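Novice: okay, sequence plus prediction incoming.
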Amino acid sequence: MKIDLRSDTVTRPTLEMQRAMWAAEVGDDVLGDDPTVNALQEKAAKLFGMEDALFCPSGTMTNQLAIRVHTQPGSDVICDKYSHIYLYEGGGIMLNALSSVKLLEGDRGRISAKQVAEAISPENDIHSTLTRLVSLENTMNKGGGCYYDFAEIRAIRKVCDEKNIPLHLDGARLFNALVETRESTLQYGQTFDSISICLSKGLGCPVGSLLLGTKEVINKARRFRKVMGGGWRQAGFLAAAGIYALDHHVDRLKEDHQRAREIGAMFFSKPEIEEVFPVDTNIVIVRLAPGLSEADYVKKLADAGVYAVAFGKGLVRFVTHLDFTDSHLEEMRKVIARF
Ligand SMILES: *Cc1c(COP(=O)(O)O)cnc(C)c1O
């Protein structure tokens, strides 16, 4: 049995999702008349109480479009030093937006209002970049899937309002946070100027992300998406998967979190594991005992049928998802017990 926990992106569309995809009515989205893409965008915008939404091929694209729209060349973006937008998007802030970063050292990737206030560049100093965006990530991938206290997000919003700086959310796994905190999509929609959510992660779609924002932000983003080659014709087949996922795959994320907690527990008191990060959602990160190589450990796991990823020095990451069932969990328990 292959147990694939490399990422929550590895899922295959369920039969019901495939049926929804094949039944989709499609048009040409570049011409704006794919009814299923339009329906997904309207549904998502309404869900978050935001004016408009844009369906895109990836979360990298939705983040990069937001950064491009909010900044101008020579700006800086304030974010945590472990942010996906900085670490895992190929230097896009520099390449797409000709902008720099102010990297903060957060608590497992979560930055505070005080840190943001201190990092904002002075408006009248010609030596400095101009801060044009603050970007948060929730849940935080590098932080092991931890989530923000909403009071802190509100405080960051207040700092941004005082300085007239927009606030973006990389919410690739926002729904994982929402099912734990019972916060609403609407309160997030009210607080951020733009939000990126991934349909291809825990929600189980084959591909796709959404950018949410005002009509003005989305209209600009649609232009840049075309420039990047992201105009995608009969994308309604994929949008249908997104509609299906928003209707059927959100509440079940709790199951992924429960299984992740059980995986975390498997590594407690193992001599080769120094630390198991707190498991808050669907990500489990373990720190190996000093001297052990993460590459060797990942190889050893793969030889036993469990696929994970090396996640920095001494760290290994496991992510639970729709295709990881209780029988996979029990099989993994046996594998880890033998280690
Ligand atoms: C996966 C992910 C993204 C987007 O990744 P794509 O592979 O480009 O869809 C963005 N931010 C975070 C935190 C992610 O985990």
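Specialist: Here it is on my side, so go on. Numbering: from 1, shown residues only.
Novice: for this structure, what spans make up the helices?
Specialist: Assigned by DSSP state H, the helices in the chain fall at 15-22, 35-48, 59-70, 84-87, 92-97, 113-119, 150-163, 174-181, 185-191, 215-227, 236-248, 253-267, 294-303, 326-338.
Novice: the fifth one - contacts with which helices or strands?
Specialist: Think helix 92-97. helix 59-70, strand 75-80, helix 84-87, strand 100-104 (3 or more CB pairs under 8 Å, 6 or more residues apart in numbering; DSSP states H and E). Placement of C-beta: from N, CA and C, glycine included.
Novice: tell me which of the helices of the chain is the most buried.
Specialist: Highest mean neighbour count among those (mean count of other CB atoms under 10 Å): helix 59-70, with a mean of 27.
Novice: can you count the residues close to the residue in the stretch 101-250 of the chain positioned nearest to the ligand?
Specialist: At 3.4 Å from the ligand, residue 172 is the closest residue in the stretch 101-250 of the chain, using CB to the nearest ligand atom. Close neighbours of residue 172, defined as other CB atoms under 10 Å, add up to 28.
Novice: who's residue 209 bridged to?
Specialist: residue 56, residue 198 (DSSP bridges).
Novice: how about it, what does it touch?
Specialist: 55-59, 61-62, 172, 196-200 (CB atoms under 8 Å, 6 or more residues apart in numbering).
Novice: I'd like the helices of the chain as TSV, with mean pLDDT and distance to residue 309 appended.
Specialist: Putting the helices of the chain into TSV (pLDDT from 0 to 100; distance: least, CB to CB, whole Å) gives the following:
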stretch	mean pLDDT	distance to residue 309
helix 15-22	98	25
helix 35-48	98	29
helix 59-70	98	17
helix 84-87	98	14
helix 92-97	97	21
helix 113-119	98	29
helix 150-163	98	28
helix 174-181	98	18
helix 185-191	98	28
helix 215-227	98	29
helix 236-248	98	23
helix 253-267	98	14
helix 294-303	97	7
helix 326-338	96	15
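Novice: what residues does the residue of the stretch 1-150 of the chain found nearest the ligand make contact with?
Specialist: Nearest residue of the stretch 1-150 of the chain to the ligand: residue 59, at 2.5 Å (CB to the nearest ligand atom). Taking CB under 8 Å, 6+ apart, we find residue 59 in contact with 84, 170, 172, 196-198, 200-201, 209.
Novice: ok, so of these, who is nearest residue 190?
Specialist: residue 197 (15.6 Å; CB to CB).
Novice: was I right to think that closest one contacts residue 44?
Specialist: Yes - with contact defined as CB atoms under 8 Å, residue 197 reaches residue 44; the gap is 7.4 Å.
Novice: what is the neighbour count of residue 111?
Specialist: 26.
Novice: okay, now the spatially closest residue to it that is not a sequence neighbour: neighbour count?
Specialist: Using CB to CB, 6 or more residues apart in numbering and skipping the chain neighbours, the partner closest in space to residue 111 is residue 104 (4.7 Å). Number of residues near residue 104 (other CB under 10 Å) recorded here: 20.
Novice: contact residues of the stretch 101-250 of the chain facing the ligand?
Specialist: Residues of the stretch 101-250 of the chain lying close to the ligand (CB under 6 Å from any ligand atom) are 137, 141, 170, 172, 198, 200-201, 209.
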